[in-house]
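Trainee: Below is the structure, and that's it, no one-letter string:
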């Protein structure tokens, strides 16, 4: 393994390239809105951390600057754009100067300038320069993982290229940089980015002088005005460009926030780490010689521990390619700016402070406002393809009632960006016969230096109904009888990203498995881990994990940098695989790198990035302490790069005799179990990205053998491929009775001439009738395998089947009728308000029986997760639905809604 190196050594090496006569390239930013969003989120998390700093075991210098950053948003947001100021402005004259502002030597020169020019106590203007630098650092850090720089092979754009564009980085780059802003504006209002900018222009020019650049002030201001106009047009105006970008790939919309290396959360959290390093320098004695070779400038030594010398040639090639395409690539879809502002009766204005040289950029109304153009038509919801029995949607919190037998109770989290409701399960962890509700918030943090530590809340499900209307105990932190937290030594672990109920120690009491796929992020190795908390009769869950499953790097034969997103714990399933009566654990790692079966091959796919893995741990009384993924009882691997094998997992019980029961119900005794694994990003060819497939494997009957464990691999029974580009067939799986399987295609477009793209589709597949060895396209299946008519999404980008739950006969509540049905979500419909529908599958065509929608204009993504059970013990089914983007209580904090008596 390559020895660790600090960020500054890596970045200084880059700077030497940029100043040594080699061609300087371009590193375009994520987009003006995205960069502003990352800086803004970091400032909000910083403010939240200050409020609970007393509970932090660390002393974080950045906390000293929280008030300053909060008070000067106009400096912070200006700084978050600044490193891109010269790209493609006044032809290519200032490209090199803009590139210079992306790297630590520029920040180091800025600190030297600050200490040489100003004295303590700091003047108001000196403080403004500091806040501006915090914005600059936020930009620089975001670009590293977003653009897959300095040897990162699995950053956001590279993953988008691999999944969506046959590895074409340039196409993915253009889409991400420009489209990310409009996906963001579709996700949430950008009012918080509508502001003046203040740029300390005089100081900026002096800093550049220290880096041997001569900057022409009027041209600097001209370029900044251009960037400001674009930023404000995107934030202030409702520009109808979202669809132009979203239609090009579902990857951008689905992953821009959660992708582990370069998503919004990841970029924000690395920004906080490096802000802390910057704050440490600002708190030092001004006589410190920042340029001393004995004291290397170390902004955040945990960020880039990668040997740059191995990767700089590729980086240089990437820069040159980007420079060649820089002028033409942005003309396909015009970028917003002055013209859009003028159409809205607005214009930009600048004003220079004669004392400090700082320039304020603002938006003003034109003296004669032109008539406003007609508003673009609001897209209307198309009716679902399956309309038999379709009924109108009602608000999930209809009439605002909160009663014990009907209406909706809402549980919330007060911390911004906590993502409450990312995962949901129920289990009886104390053996009293009453189940507890478990809800996760993987981005919760208690310490500014441990972002996304994660929390899992255990709630007394039956007692929830007794909470008074409007009670402050609707705060899930207050209501929980037990809270489990992620490892405080593992920032960005995302503890609670997935949950599963198991019984790994075979004591008859439910255990809780918690996924933390970001474990190891501090070393740029997102190895992941799974923590299993045993249940105890009369006591509940252990307070610390009894079993921890981690990644075995000692046996890794993959080069450094190619296996940084193993992500153990992204997907979890608790299910009895063997018929022993105890739930086993299945772990999916869809972004894990795999190795070609012939390790000596020289083929290009020897190392298969993000092919995916699945491992199984069977229940045994010997599980305890620490285990590794290599200790699993069996393992399966994806067969090609960027397939995301293991994104979804389910088991199907094949009945012993066919014909027992009708429709969806009436299963006989189980003859065998089939493990089905989804690979939604599977691509059969370069022109068919993210088609997706599902594969079925026979689970060995270990109880009938003398062996104590299953074989290390399972026999493949079948493969079913999707039919169309970006379909993502197999994105979701759920087992029904009698050998039936619900299969989601979350971004499938409707082939009905309506232009309803990425609407999503849900199908029922009869696994019991699939012949051994089947390898076929979905369209080639006979009618006996595809049961009835699919359920089609109702709107473009609605993503039907993002989550779904099967309600079985005799399940959590009294279920009317003799057949199971499904609750299915469309979290992105109606401008991301979201909705959930009840789909009856008993008839051949299927029927929509019930529908609930999220609060109008909330963009809450109702339907992030769904669970159906008798929560209050009244014998009727209750529906639990989460909305991870609900901002009613804190920005994007999320809520859990319990709809009683559905």
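Mentor: Yep, it's here. Keep in mind it's a predicted model, so treat the numbers as computed, not measured. Residues are numbered from 1 along each chain as shown.
Trainee: Residue 439 sits in which helix or strand?
Mentor: For residue 439, the host element (DSSP states H and E) is strand 436-441.
Trainee: ok now the longest helix that the chain contains, how far from the chain's centre?
Mentor: Secondary structure assigned by DSSP state H gives helix 124-146 as the longest helix of the chain. The chain centroid and the centroid of helix 124-146 are separated by 24 Å under Cα atoms, centre = their mean, to the nearest Å.
Trainee: Make 137 the starting number, not 1.
Mentor: Right, with 137 as the first residue, what we last looked at is helix 260-282.
Trainee: Can you give me the end-to-end span of stretch 1004-1020?
Mentor: Stretch 1004-1020 has its terminal residues 18 Å apart, counting by Cα to Cα, to the nearest Å.
Trainee: Buried ones in that stretch, by neighbour count?
Mentor: 1004-1008, 1010, 1012-1020 (16 or more other Cβ atoms under 10 Å). (Each C-beta comes from the backbone N, C-alpha and C, glycine too.)
Trainee: can you name the two of the residues you listed that are farthest apart?
Mentor: Greatest spacing in these, by Cβ to Cβ: 1010 and 1020 (28.0 Å).
Trainee: Can you give the domain ranges for this protein?
Mentor: For the chain, automatic domain parsing gives the domain ranges 143-347+374-462, 563-993.
Trainee: Where among those domains is average confidence lowest?
Mentor: Least confident of those, judged by mean pLDDT, is domain 143-347+374-462 with a mean of 81.
Trainee: and residue 901, bridged to which residues?
Mentor: residue 877, residue 922 (DSSP bridges).
Trainee: so how many other residues sit close to it?
Mentor: 24 (other Cβ atoms under 10 Å).
Trainee: from what I can see it touches residue 921, true?
Mentor: Yes. The pair residue 901 and residue 921 passes the contact test of Cβ atoms under 8 Å, sitting 6.2 Å apart.
Trainee: What about the buried residues of stretch 1004-1020, which are in strands?
Mentor: Residues of the buried residues of stretch 1004-1020 located in strands (DSSP state E): 1004, 1005, 1014, 1015, 1016, 1017, 1018, 1019.
Trainee: give the contact list for the last one.
Mentor: Going back to what we said before, that points to residue 1019. 557, 963, 970, 990, 994, 996-1000, 1030-1031, 1033 (Cβ atoms under 8 Å, 6 or more residues apart in numbering).
Trainee: same thing but 7 Å
Mentor: Listed by Cβ atoms under 7 Å, 6 or more residues apart in numbering, the contact partners of residue 1019 are 557, 970, 990, 996, 997, 998, 1000, 1030, 1031, 1033.
Trainee: And for the fourth one?
Mentor: Applying Cβ under 7 Å, 6+ apart, we find residue 1015 in contact with 959, 1004, 1035, 1038.
Trainee: Helix or strand: which one has residue 251?
Mentor: Using DSSP H and E, residue 251 falls in helix 240-253.
Trainee: Please identify the helix or strand for the residue lying closest to residue 368 once chain neighbours are set aside.
Mentor: What sits nearest to residue 368 in space, not counting adjacent residues and going by Cβ to Cβ, 6 or more residues apart in numbering, is residue 499, at 5.4 Å. Using DSSP H and E, the element containing residue 499 is strand 495-501.
Trainee: Would you give the sheet partners of that strand, along with the direction of each?
Mentor: With DSSP bridges as the test, strand 495-501 is paired with strand 333-335 (antiparallel), strand 482-488 (antiparallel).
Trainee: which element follows the shortest one toward the C-terminus?
Mentor: On the C-terminal side of strand 333-335, the nearest following helix or strand under DSSP H and E is helix 337-346.
Trainee: and that next one, what does it pack onto?
Mentor: helix 240-253, helix 353-372 (3 or more Cβ pairs under 7 Å, 6 or more residues apart in numbering; DSSP states H and E).
Trainee: Report all helices and strands that the last one contacts.
Mentor: This points to helix 353-372. Going by 3+ Cβ pairs under 7 Å, 6+ apart, helix 353-372 lies up against helix 168-187, helix 337-346, helix 474-479, strand 482-488, strand 495-501.
Trainee: Including mean neighbour count and distance to residue 569, could these go into TSV?
Mentor: As requested, those are arranged in TSV below (neighbours: other Cβ atoms under 10 Å; distance: least, Cβ to Cβ, whole Å):
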stretch	mean neighbour count	distance to residue 569
helix 168-187	24	39
helix 337-346	20	68
helix 474-479	16	62
strand 482-488	16	64
strand 495-501	16	62
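Trainee: Next one: residue 919 from residue 901, what distance?
Mentor: Applying Cβ to Cβ, to the nearest Å, the value for residue 919 to residue 901 is 12 Å.
Trainee: How about residue 533?
Mentor: Remark: distance between residue 533 and residue 901 (Cβ to Cβ) = 35 Å.
Trainee: Format the helices and strands packed on helix 337-346 as JSON lines; extra columns: distance to residue 309.
Mentor: Listed next are these as JSON lines, based on distance: least, Cβ to Cβ, whole Å:
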{"stretch": "helix 240-253", "distance to residue 309": "23"}
{"stretch": "helix 353-372", "distance to residue 309": "18"}
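Trainee: Please report phi then psi for residue 214.
Mentor: phi -60, psi -40 (degrees, to the nearest 10).
Trainee: re earlier: let me know the angle separating the helix holding residue 251 from helix 260-282.
Mentor: In terms of direction (axes from the mean of the first three to the mean of the last three Cα atoms, to 10 degrees), helix 240-253 departs from helix 260-282 by 170 degrees.
Trainee: List the buried residues in helix 240-253.
Mentor: 240, 241, 242, 243, 244, 245, 246, 247, 248, 249, 250, 251.
Trainee: could those residues go into TSV alongside distance to residue 620?
Mentor: Compiled in TSV, the buried residues of helix 240-253 are given as follows (distance: Cβ to Cβ, whole Å):
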residue	distance to residue 620
240	38
241	43
242	43
243	38
244	42
245	46
246	42
247	41
248	46
249	47
250	44
251	45
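Trainee: ok, residue 426 - contacts?
Mentor: Counting by Cβ under 7 Å, 6+ apart, residue 426 has contacts 244, 247, 248, 433.
Trainee: try 8 Å this time
Mentor: Counted by Cβ under 8 Å, 6+ apart, residue 426 has contacts 244, 247, 248, 251, 417, 433.
Trainee: Go through those residues and name the one nearest residue 627.
Mentor: Of all the contacts of residue 426, residue 417 has the smallest distance to residue 627: 20.6 Å, by Cβ to Cβ.
Trainee: Name the residues of the stretch of helix or strand that closest one belongs to that come out as buried.
Mentor: Per DSSP H and E, residue 417 falls inside helix 400-418. Within helix 400-418, the residues that qualify as buried are 400-418, counting by 16+ other Cβ under 10 Å.
Trainee: Find the residue closest to the residue most central in space within the chain in space, skipping its chain neighbours.
Mentor: For the chain, the residue nearest the mean C-alpha position is residue 394 (1.2 Å; Cα atoms, centre = their mean). Of all residues not flanking residue 394 in the chain, residue 401 sits nearest, at 6.5 Å (Cβ to Cβ, 6+ apart).
Trainee: Same check on residue 417?
Mentor: Using Cβ to Cβ, 6+ apart, the closest residue to residue 417 is residue 247 (5.5 Å).
Trainee: Residue 817 contacts residue 778, doesn't it?
Mentor: Yes. Using Cβ under 8 Å, residue 817 is in contact with residue 778, at 5.5 Å.
Trainee: any common contacting residues for the two?
Mentor: Contact with both residue 817 and residue 778 is made by residues 299, 746, according to Cβ under 8 Å, 6+ apart.
Trainee: higher neighbour count, the two?
Mentor: A side-by-side neighbour count of residue 817 and residue 778, using other Cβ under 10 Å, places residue 817 first with 33 against 28.
Trainee: residue contacts, the more buried one?
Mentor: Residues near residue 817 by Cβ under 8 Å, 6+ apart: 299, 746, 778, 779, 780, 783, 825, 826, 828, 864.
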